[in-house]
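# Provided below for reference: sequence and predicted model.
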Amino acid sequence: MTEHSREPVPDEQRKSRGRIRGNALFPSPIGRDVLPADYTEVLGDIKERIQSERLRVTLAANAAMILLYWDIGTMIRKRQREEGWGAKVIDRLSHDLKKDFPDMTGLSPRNLKYMRRFSESWPNREIVQRTVAQIPWGSNIALLDKLKDPEVRIWYAQKTLEYGWSRDILTIQIENRLHERQGKALNNFDTALPPADSDMASQVFKDPYLFDFLGTADPRKEREVEQALVDHVQSFLLEMGSGFAFVGRQVLLEVGDRDFYVDLLFYHLKLRRFVVVELKAVSFDPAFVGQLNLYLSAADDLLRHPDDNKTIGLLLCKSKNELVVEYSLRGFNSPMGVAEWETKVTESLPEELKGSLPTIEEFEAELGDVE
């Protein structure tokens, strides 16, 4: 066999062909100026596919783990019922499982007891697989710890799945009893909007709105409340609900030769429409509806994009008479809702704590002059 000698390639020439790493030669990526015209589009499609698949795998792994926990809890319940297993047996079970599966978390005695409660609270495995297995284990623990009513628990599980709430957000919504307030705002949506939009819009608003993050003082002027809400915009948006994007405060609407200012303007991403929020520090007055109707008409003409739906109005008052509100909304074609807003009040706290809470004057000083 004849050996063919090969002249060495100079480093400069080798570098022009690719990158040298040790004794290996790696091809260099081609420049963007010579890429195919559709390269960016294909790259974006591949990245989207990878992200989607990674999310699917993560959700599938979470569901498998939750179902495993349900199965373990069911086994423990059966042994406790039939053979009288006690706490010491569960402690030993935890010890042996952790020894055999050292890389697996979630096998503590406390978590095994949660698995038992989980199985007991959700006896139907099909419901587990369809709903609660799709949310994180920590959120399921929050549902177990804070709710006893199965119907209420499944409501919050479905909302967690729908909106992607974290455990902390879920806990806040439970403590604020969202299920009792969602969809309770009085409105004229059934006559002012198509049926599908009416049902969706009704569920977006609640009554009352809880602005507990404003503190225990009771602001007496709308501007004070507006400023405080903007200062706590993250908590404010959380209370408003999923889908609301804050646009601005005191938004100018020029009508004729007069200037009008919207208290708070939002855009709802799911409803695809602006939401005008008028804030009143007094009880509901029928005159407020006429004022809000003007703002909605102006917003539709001045702000609404051709692809946007009709603007919706939300009037927040300190109190209301439901019959008066119902009569006041009749005859208006602009979609409007009316709800109350609340803050924590000093009278609801223990006497020994009241002296440490700010007075109205101290609250006003903290907010500053917003007029």
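Structure's in. What do you need?

# would you say E82 is within a helix?
Yes. Judged by DSSP: H, G, I helix; E, B strand; the rest coil, E82 forms part of a helix.

# Could you give the number of residues near it?
Per other C-beta atoms under 10 Å, the neighbour tally for E82 reads 8. Just so you know, the C-beta spots here come from the backbone N, C-alpha and C atoms, and that holds for glycine as well.

# Kindly report the same for I141.
The number of residues packed near I141 is 16, by other C-beta under 10 Å.

# Which pLDDT value goes with it?
Per-residue pLDDT puts I141 at 95.

# Check R220 too.
60.

# next one: L107
89.

# Repeat that for G256.
The predicted local confidence for G256 is 88.

# Please apply the same query to M75.
As predicted, M75 sits at a pLDDT of 90.

# That one: neighbour count?
Other residues near M75 come to 15 when the count uses other C-beta under 10 Å.

# Ok, G138 next?
12.

# cool, Y261 as well?
Neighbour number of Y261 under other C-beta under 10 Å is 11.

# for it, phi and psi?
Dihedral pair for Y261: phi -130, psi 120, per degrees, to the nearest 10.

# L252 is in contact with that one, correct?
Yes. At 6.0 Å, Y261 counts as touching L252 under the criterion of C-beta atoms under 8 Å.

# I would like the residues contacting stretch 156-173, please.
Outside stretch 156-173, the residues that touch it by C-beta atoms under 8 Å, 6 or more residues apart in numbering are 131-132, 134-136, 138-143, 146-147, 174, 178-179, 238, 242.

# how many other residues sit next to I90?
I90 has 19 neighbouring residues, counting by other C-beta under 10 Å.

# Same question for I172.
Residues near I172, counting by other C-beta under 10 Å, number 16.

# Now do the buried residues in the helix or strand where it lies.
I172 belongs to helix 167-175 when assigned by DSSP states H and E. Neighbour counts over helix 167-175 (16 or more other C-beta atoms under 10 Å) mark 167, 170-174 as buried.

# got it, and stretch 112-131?
Buried residues in stretch 112-131, counted by 16+ other C-beta under 10 Å: 112, 114-116, 118-119, 121-122, 128.

# Now render the residues you listed as a markdown table, adding secondary structure, distance to M104 and pLDDT.
A markdown table is the format used below for those (DSSP: H, G, I helix; E, B strand; the rest coil; distance: C-beta to C-beta, whole Å; pLDDT from 0 to 100):
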| residue | secondary structure | distance to M104 | pLDDT |
| --- | --- | --- | --- |
| L112 | helix | 12 | 93 |
| Y114 | helix | 15 | 94 |
| M115 | helix | 13 | 93 |
| R116 | helix | 18 | 93 |
| F118 | helix | 17 | 95 |
| S119 | helix | 19 | 94 |
| S121 | helix | 23 | 94 |
| W122 | coil | 22 | 93 |
| V128 | helix | 20 | 92 |
